[in-house]
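Enquirer: Sequence and predicted model, in that order:
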Amino acid sequence: MLNLIWICFFLIAFVTASVKWLVFGDVQVFADIMAAMFSLSKSAFEIALGLTGILSLWLGIMRIGERSGFIRLLTRGLTPLFSRLTPEVPQDHPALGAMVMNLSANMLGLDNAATPLGIKAMKELQTLNPDPATASNAQILFLVVNTSSVTLFPVTIFTYRAQLGAANPTDVFIPILLATYVSTLAGLLAVAAVQRIRLADRVVLAYLGGFTLLVGAVLGYFAGLPRQAMLEQSALISNVVLFFLVVAFIVGALQKGINAYEAFVDGAKEGFQTAVTLIPYLVAMLVAIGVFRASGALELVNDLVRYLVRMMALDDRFVDALPTALIKPFSGSGARAMMIDTMKTLGADSFAGRLVCIVQGSTETTFYVLAVYFGAVGIKNIRHAAGCGIIADLAGVIASIYITYWFFG
């Protein structure tokens with residue numbers, strides 16, 4: 001899918017540029033395209049180089065959290081909920097633990113740890129599947145919750161915002177949490193409706209009610225504040241919560257007798273390697289998007305959508321973030337590059353710059369996850385997995401737009 005998107009960027013750009021040259025006599029368009037290719041290949045390298053220190057810092061901190069037992073802590077906390085949402089999985093079956101550990105790793109932003117755990121969970125669930133070629137209810141529920149992007153610590157987004165000059169890189173933290181809650185709840189309700197999961201269970205209601213009360217309390221608190229005070233309080237709470245987590249990770253490491261410094265260094269090494277690994281992917285995608293933009297194709301698409309939005313008498317500032325939202329279900333790399341391109345072009349602290357970050361943090365690469373997780377166990381009939389996953393993504397995008405207007409509008 002990523003290959004198709006990448007090729008389409010170039011082909012559409014070529015057609016658009018050719019029309020501008022042959023029909024409108026624009027002789028500068030191909031020069032602009034070549035200039036964009038050279039400029040953005042250089043920018044991609046500079047961005048990746050600048051990410052090295054920040055990624056090393058945060059992945060080092062997350063490695064401390066991983067070794068100090070926070071994944072196990074989250075796992076113990078979520079197991080009662082998932083044992084009731086997936087009644088066909090026995091409580092002592094290893095699939096249950098693998099599922100919850102995967103979701104716990106995703107919550108903490110440990111992508112490298114989350115994917116292997118997710119594949120392991122899918123393989124364990126496959127051992128309970130009466131029809132190996134068809135996705136079971138438990139497999140679909142697990143996958144949809146996965147694709148609803150349950151994220152409590154969106155480290156990567158903070159990293160890119162810091163690199164691209166955001167005054168306060170973490171000011172999108174609370175909005176991302178709110179949008180993530182909406183996307184996850186929408187995905188869960190969609191699956192529950194299709195599978196007729198009994199959400200009236202006391203334990204399920206206690207969990208969902210607790211999460212909802214917490215989100216409601218956050219919404220109620222910020223709703224009563226003037227806009228400037230809301231922004232200041234959001235930034236303050238975000239920074240306090242994040243630093244508290246850092247300290248909690250370190251204290252947890254001390255309690256367990258873990259060498260926090262060595263754990264940090266191990267994670268920091270991974271951060272350095274990750275930054276280097278990102279270079280070719282960033283070059284490929286940023287150059288493709290730069291060519292797409294320089295040809296005028298992206299502007300043409302945005303102008304068409306903006307025209308339709310204005311016909312409905314709506315504010316059109318969210319239109320600049322739609323390319324990221326449209327690409328995200330298909331390609332994480334493509335959406336990340338589009339997010340970076342939007343922040344570079346319009347500013348990390350612009351309305352669209354913040355919105356793309358919130359969209360990125362509250363949606364997931366649904367079709368990629370479907371391909372990887374179901375492909376790992378040979379499932380061909382995915383049933384309602386894709387539909388429910390897209391519902392979660394759509395809810396996340398709509399929530400992101402509303403929340404961005406509320407906080408930064």
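Expert: Received the coordinates, thanks. Numbers count the residues shown, from 1 in each chain.
Enquirer: what's the helix or strand for Ile237?
Expert: helix 227-255 (DSSP states H and E).
Enquirer: where along the protein do the strands fall?
Expert: Remark: strands of the chain are absent; assignment by DSSP state E.
Enquirer: any idea which residue sits dead centre in it?
Expert: Gly361 (3.6 Å; Cα atoms, centre = their mean).
Enquirer: Can you give me every residue that contacts that residue?
Expert: Counting by Cβ atoms under 8 Å, 6 or more residues apart in numbering, Gly361 makes contact with Ser149, Thr151, Pro154, Ile157, Val172, Ile176, Ala179, Thr180. The way it works is simple: take the backbone N, C-alpha and C, and place the C-beta from them, glycine included.
Enquirer: if we can go back for a sec, which helices and strands sit right next to the helix holding Ile237?
Expert: Packing contacts for helix 227-255, counted by 3 or more Cβ pairs under 8 Å, 6 or more residues apart in numbering; DSSP states H and E, involve helix 29-67, helix 70-85, helix 173-195, helix 202-223, helix 260-294, helix 385-408.
Enquirer: can you name the two of the contacts of Gly361 that are farthest apart?
Expert: Ser149 and Val172 (13.9 Å; Cβ to Cβ).
Enquirer: So for those two, which sits in the more crowded spot?
Expert: Val172 (32 against 27; other Cβ atoms under 10 Å).
Enquirer: Could you check the pLDDT of that one?
Expert: Val172 carries a pLDDT score of 91 in this model.
Enquirer: which residue packs closest to it, ignoring adjacent ones?
Expert: Excluding the flanking residues, the one nearest Val172 by Cβ to Cβ, 6 or more residues apart in numbering is Cys357, at 4.8 Å.
Enquirer: what's the distance between that neighbour and Asp131?
Expert: 41 Å (Cβ to Cβ, to the nearest Å).
Enquirer: So for these two, which sits in the more crowded spot?
Expert: Cys357 (32 against 9).
Enquirer: quick one, what contacts that one?
Expert: So Cys357 contacts Ile157, Tyr160, Arg161, Val172, Ile176, Met339, Met343 (Cβ under 8 Å, 6+ apart).
Enquirer: Widest-spaced pair of those?
Expert: Top of the distance list for the contacts of Cys357 (Cβ to Cβ): Ile176 and Met343, 15.1 Å.
Enquirer: When these two are compared, which one has more neighbours?
Expert: Ile176 (27 against 23).
Enquirer: Hmm, that one is touching Ile358, no?
Expert: Yes - using Cβ atoms under 8 Å, Ile176 makes contact with Ile358 at a distance of 5.4 Å.
Enquirer: what's the distance between Glu270 and Ile140?
Expert: In terms of Cβ to Cβ, Glu270 sits 32 Å off from Ile140.
Enquirer: Repeat that for Ile237.
Expert: Counting by Cβ to Cβ, the gap from Ile237 to Ile140 is 35 Å.
Enquirer: next one: Ala337
Expert: From Ala337 to Ile140 the distance is 30 Å (Cβ to Cβ).
Enquirer: What are the buried residues along the helix holding Ile237?
Expert: In terms of neighbour count (16 or more other Cβ atoms under 10 Å), helix 227-255 has its buried residues at Met230, Leu231, Ser234, Ala235, Ile237, Ser238, Leu242, Leu245, Phe249, Ile250, Gly252, Ala253.
Enquirer: so it versus helix 29-67, what angle?
Expert: Using axes from the mean of the first three to the mean of the last three Cα atoms, to 10 degrees, one finds that helix 227-255 and helix 29-67 are set 50 degrees apart in direction.
Enquirer: what distance separates helix 227-255 from the centre of its chain?
Expert: 20 Å (Cα atoms, centre = their mean, to the nearest Å).
Enquirer: Can you list the low-confidence ranges for the stretch 1-150 of the chain?
Expert: By pLDDT under 70, the low-scoring segments of the stretch 1-150 of the chain are 1-2, 71, 108-117, 149.
Enquirer: Repeat the analysis, applying 90 as the threshold.
Expert: Residues of the stretch 1-150 of the chain meeting the criterion pLDDT under 90: 1-9, 24-27, 36, 39-84, 86-124, 143-150.
Enquirer: ok, now the stretch 301-409 of the chain?
Expert: In the stretch 301-409 of the chain (pLDDT under 90), the answer is 301-305, 313-314, 326-338, 361-380, 382, 386, 409.
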